[in-house]
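Peer 1: got a sequence here, can you model it:
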Amino acid sequence: MCSPKKRNIHIRCHICLAISLFILAGAVSGCSKKEPPSTTQTPAGVLTPVQTAEPSPTYVPVEPGVVIPSAPVETKRVTGLSISEEILNLHIGSSATLVISVEPEDATRKSVTWSSGDSQIAEISEETDNSAKITGKSAGTVLITAVSEDGGKMAACIVTVSSPEPEIPITKISIEPSDPILTIGSTLKFVATVYPSNASTKNLVWSTSAPNVAMVSKDGLVSAVGVGKAVITVKSSDGKTSASCTVDVRDLSVPVTGITLDIDSAVLKVGDFMVLTATVQPATATNRQVNWSSSDESVATVSAAGEIRAVGAGNATITAATSDGNITAVCRIEVIPGEVSIEGIELNAKSQYLKVGGSTKLTVYVNPEWAPMPPLVWNSSDDSIVTVTAGGELKAKSVGVATVTVSTEDGRFSATCSVIVSR
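Peer 2: Below you'll find the model as predicted:
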């Protein structure tokens, strides 16, 4: 039998061992324990589990300086350029704007770079991505180009700068019809012709001496408003040249009863001219206005004054009709072939834009148009850039600018076409 002291020590050891086992069991139980689902009280008092929400997405912060790539964007490449003018003529000090069109219209990068072959001749100013203002600086010819930043596509314009042309004044004005007779309430349109035909300005100013008798509009339309006579005057805009006629306005009209022509038939050669004279009966008729027409203007044409021009072989009827009553008289014209002197030749284009290896054909027109086509001679200023055949066919050989010239065999007349060749 143990002593009381040893028994106490033995009991204490058992107590310590029990406490240690309890603590260890609690720790193991806490690690494997799961939270039971939450419950809610239903109206009937039954406990039902509540579903928990899906876990929230986790956001990963982006470190400073890290670039996240975007989705790829489709790029549309530039396939070509076109320019508003391929040939431009300027006077020194004058300006014009060239406009570039990019193909396709929805290309991603439309920027172009403008340049002048010689800014001392033509200067580029007010430049944008699709236009540029060109100003003439001195006499000469220069090439203005626009090149796309995407693909290096090019369009070009040949600019010729010249000294300002001297002003050509109007030296003479004629009016048709002359000294007409009108009735109250009627109207008449005057036709004014200025000489020379290449006058710098053809602006005219109309006026009347008696607006209570006849009024006139800014374009020469006369309105008869009262009995009497009025002088209708037309002047050049500078007032230095004028012409006038007298309008006789009557209250009672004398009707037209007939009309005759001085010639009822004629045979003309191509290129000939003749004048028909119409006589209205009675001589006192109020409205003696006559209107002229041709049944075939490819054979013969007629002016408001009865001037006939034979333009092609065939037959045509020239008719004179009175404004009052539409009474008519006719002249039958036969036009036969004849020698016609050539006055000049023209090409269907003054410029052509080709790519290396491309080709096109030029067409020649003769002036007057009814003249026969003469023998022609073609040549190129630089066969290494563009060649031309005897029939006017062009073939682009290399990048550059060349001038193609067509001349009559006798050398009297010629026409040119500037050809721009790019890649």
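Peer 1: stretch 313-332: how far from the chain's middle?
Peer 2: On the basis of Cα atoms, centre = their mean, to the nearest Å, stretch 313-332 sits 41 Å off its chain's mean C-alpha point.
Peer 1: measure it end to end?
Peer 2: Taking Cα to Cα, to the nearest Å as the measure, stretch 313-332 stretches 13 Å from start to finish.
Peer 1: how about that stretch: buried residues?
Peer 2: Neighbour-count burial for stretch 313-332, counted by 16 or more other Cβ atoms under 10 Å, picks out 316, 318, 320, 321, 322, 324, 327, 329, 331. Using the backbone N, CA and C atoms, a C-beta is placed for each residue, glycine as well.
Peer 1: which residue is the nearest non-sequential neighbour of residue 296?
Peer 2: Leaving aside its sequence neighbours, residue 296 sits nearest to residue 316 (Cβ to Cβ, 6 or more residues apart in numbering; 4.2 Å).
Peer 1: hang on, the one you found packs against residue 293?
Peer 2: No: in this structure, residue 316 is not within contact of residue 293 by Cβ atoms under 8 Å, at 10.2 Å.
Peer 1: still on that earlier bit, residue 125: which of the buried residues of stretch 313-332 is nearest?
Peer 2: residue 316 (55.6 Å; Cβ to Cβ).
Peer 1: surely the closest one is in a helix?
Peer 2: No: counting by DSSP: H, G, I helix; E, B strand; the rest coil, one finds residue 316 to be strand, located in no helix.
Peer 1: tell me what it is bridged to.
Peer 2: With beta bridges defined as DSSP bridges, residue 316 has these partners: residue 333.
Peer 1: so who does it touch?
Peer 2: Each residue near residue 316 by Cβ atoms under 8 Å, 6 or more residues apart in numbering is listed here: 294, 295, 296, 297, 299, 300, 332, 333, 335.
Peer 1: surely residue 285 meets residue 255?
Peer 2: Yes: assessed by Cβ under 8 Å, residue 285 is found in contact with residue 255 at 6.7 Å.
Peer 1: quick check: neighbours shared by the two?
Peer 2: Counting by Cβ under 8 Å, 6+ apart, the common neighbours of residue 285 and residue 255 are residue 324.
Peer 1: ok, these two, which is more surrounded?
Peer 2: residue 285 (20 against 12; other Cβ atoms under 10 Å).
Peer 1: let me know the pLDDT of that one.
Peer 2: Residue 285 carries a pLDDT score of 85 in this model.
Peer 1: is it within a helix or a strand, and which one?
Peer 2: In this structure, residue 285 is located outside every helix and strand according to DSSP states H and E.
Peer 1: so what's it up against?
Peer 2: Applying Cβ under 8 Å, 6+ apart, we find residue 285 in contact with 181, 254, 255, 256, 257, 324.
Peer 1: same question, residue 147
Peer 2: Applying Cβ under 8 Å, 6+ apart, we find residue 147 in contact with 112, 113, 115, 153, 154.
Peer 1: how does it look with 6 Å?
Peer 2: Neighbouring residues of residue 147 by Cβ atoms under 6 Å, 6 or more residues apart in numbering: 113, 154.
Peer 1: swap in residue 405?
Peer 2: Contact analysis of residue 405 by Cβ under 6 Å, 6+ apart lists 379, 414, 416.
Peer 1: try it again at 10 Å.
Peer 2: By Cβ atoms under 10 Å, 6 or more residues apart in numbering, the residues touching residue 405 are 347, 377, 378, 379, 380, 381, 388, 414, 415, 416, 417.
Peer 1: and for the nearest residue to residue 111 once chain neighbours are set aside, the neighbour number?
Peer 2: Counting by Cβ to Cβ, 6+ apart, residue 111 lies nearest to residue 149, which is 4.6 Å off, once chain neighbours are set aside. Neighbour count of residue 149, defined by other Cβ under 10 Å: 13.
Peer 1: tell me what the closest residue to residue 422 other than its chain neighbours is bridged to.
Peer 2: Once flanking residues are discounted, residue 422 sits nearest to residue 154: 4.7 Å by Cβ to Cβ, 6+ apart. Bridge pairing for residue 154 (DSSP bridges) gives the partners residue 147.
Peer 1: alright, I will stop here.
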